[in-house]
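S.K.: here are the coordinates; sequence isn't available:
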């Protein structure tokens, strides 16, 4: 049986609707109707549970998707702008530049993701036998790290839906003082598994579960003990694909290491609601034998 309060259930309905309808006009008052509350009161409840306004959530998610389209596709910028809900290219350029520190065309050409693509084309990088060119370290975990997780099925770029639900539960249940870390587990290779069949989990590690009501449908997983190569990535989440390609395609073959059988792990060291996309810090854990 689900153990969420009425407010948490309302929050989840609204979050699901936002993620499923990013391409459509999102009327903020209509989102209040989905929550079955008056717009004034619901907007306040949402901001308290999510840490940002409804309008800020919609804008952040659309720009996040736009960044991914700029990096991972050849869509013209005007089409990316239209898909992001902007009536003019100029307004899109202003909004994107304010969030990402540079206009879309320059971001596609010079964003932080390009250091990995340039490295993969460099003869000097191909001959690298250590991790000095990028921020990679090897660590050994002596014990497994227990995690509380919400499952996500579908493209990895949309795992934010599960994280938003996890965040809402933590705020409502005042779990933040026990937070040790925010992670994600990725179970499939996106190069060989269809996007709609990809499996992942949005997770938190807590210092204690004492007095915390854990919903029955949360999964209990763990980061296994063992050796890990850890790549620290600074920049938008949209650029993580290029980081993975470099990590597995260049660093791993040149390192002399063998990859293990545990899932890939990402640990998120800061909050996309609190820092600019170019300041986001993510650590990618590659399991080693």
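M.R.: Alright, I've got the coordinates. Only a predicted model underlies this, so the values are computations on that prediction, with no experimental measurement involved.

S.K.: hey, which helix is longest across this structure?
M.R.: Assignment by DSSP state H gives helix 54-72 as the longest helix of the chain.

S.K.: and residue 230, what are its bridge partners?
M.R.: residue 137, residue 285 (DSSP bridges).

S.K.: thinking residue 247 is in contact with residue 283, fair?
M.R.: No. Residue 247 lies out of contact with residue 283 (Cβ atoms under 8 Å); the separation is 11.2 Å. Backbone N, C-alpha and C define where each C-beta goes, glycine included.

S.K.: Give the residues shared as contacts by the two.
M.R.: In the contact map built from Cβ atoms under 8 Å, 6 or more residues apart in numbering, the residues linked to both residue 247 and residue 283 are residue 231.

S.K.: More neighbours: which of these two?
M.R.: Set residue 247 next to residue 283 and count neighbours by other Cβ atoms under 10 Å: residue 247 wins out with 23 against 18.

S.K.: and the more buried one, how far is that from residue 193?
M.R.: Distance check for residue 247 against residue 193: by Cβ to Cβ, to the nearest Å, it reads 18 Å.

S.K.: same thing with residue 141?
M.R.: The gap separating residue 141 from residue 193 is 26 Å, by Cβ to Cβ.

S.K.: And residue 34, by the same measure?
M.R.: Residue 34 sits 31 Å away from residue 193, taking Cβ to Cβ as the criterion.

S.K.: Comparing these two, which residue is more hemmed in?
M.R.: Counting neighbours by other Cβ under 10 Å for residue 34 and for residue 193 shows that residue 34 has the greater number, 15 against 12.

S.K.: so who does the more buried one touch?
M.R.: Contacts of residue 34 were listed using Cβ under 8 Å, 6+ apart, and they are 10, 13-14, 17.

S.K.: Domain-wise, how is this structure divided?
M.R.: Here the domain assignment for the chain is 6-110, 136-288, based on automatic domain parsing.

S.K.: in stretch 247-266, what counts as buried?
M.R.: Within stretch 247-266, the residues that qualify as buried are 247-248, 250-252, 255, 262-266, counting by 16 or more other Cβ atoms under 10 Å.

S.K.: same check, this time on stretch 159-176
M.R.: Of the residues in stretch 159-176, those buried by neighbour count under the rule 16+ other Cβ under 10 Å are 159-173, 175.

S.K.: Over to stretch 106-119?
M.R.: If you call a residue buried by 16+ other Cβ under 10 Å, then stretch 106-119 has these buried ones: 107-108, 111-116, 119.

S.K.: which residues in the stretch 51-200 of the chain form helices?
M.R.: Along the stretch 51-200 of the chain, the segments classed as helices by DSSP state H, counting those that start in this stretch run 54-72, 77-83, 89-100, 104-110, 114-121, 123-126, 160-172.

S.K.: Pipe those into a markdown table and attach distance to residue 30 and mean pLDDT per row.
M.R.: Formatted as a markdown table, the entries for the helices of the stretch 51-200 of the chain read as follows, by distance: least, Cβ to Cβ, whole Å; pLDDT from 0 to 100:
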| stretch | distance to residue 30 | mean pLDDT |
| --- | --- | --- |
| helix 54-72 | 11 | 94 |
| helix 77-83 | 20 | 95 |
| helix 89-100 | 22 | 97 |
| helix 104-110 | 29 | 96 |
| helix 114-121 | 39 | 83 |
| helix 123-126 | 50 | 48 |
| helix 160-172 | 18 | 91 |
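
S.K.: so can I have CSV of the ones you listed showing distance to residue 218?
M.R.: CSV is the format used below for the helices of the stretch 51-200 of the chain (distance: least, Cβ to Cβ, whole Å):
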stretch, distance to residue 218
helix 54-72, 23
helix 77-83, 34
helix 89-100, 32
helix 104-110, 36
helix 114-121, 34
helix 123-126, 42
helix 160-172, 8
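
S.K.: closest one to residue 210 among the ones you listed?
M.R.: Shortest distance between residue 210 and the helices of the stretch 51-200 of the chain, using Cβ to Cβ, is found for helix 160-172: 15.3 Å.
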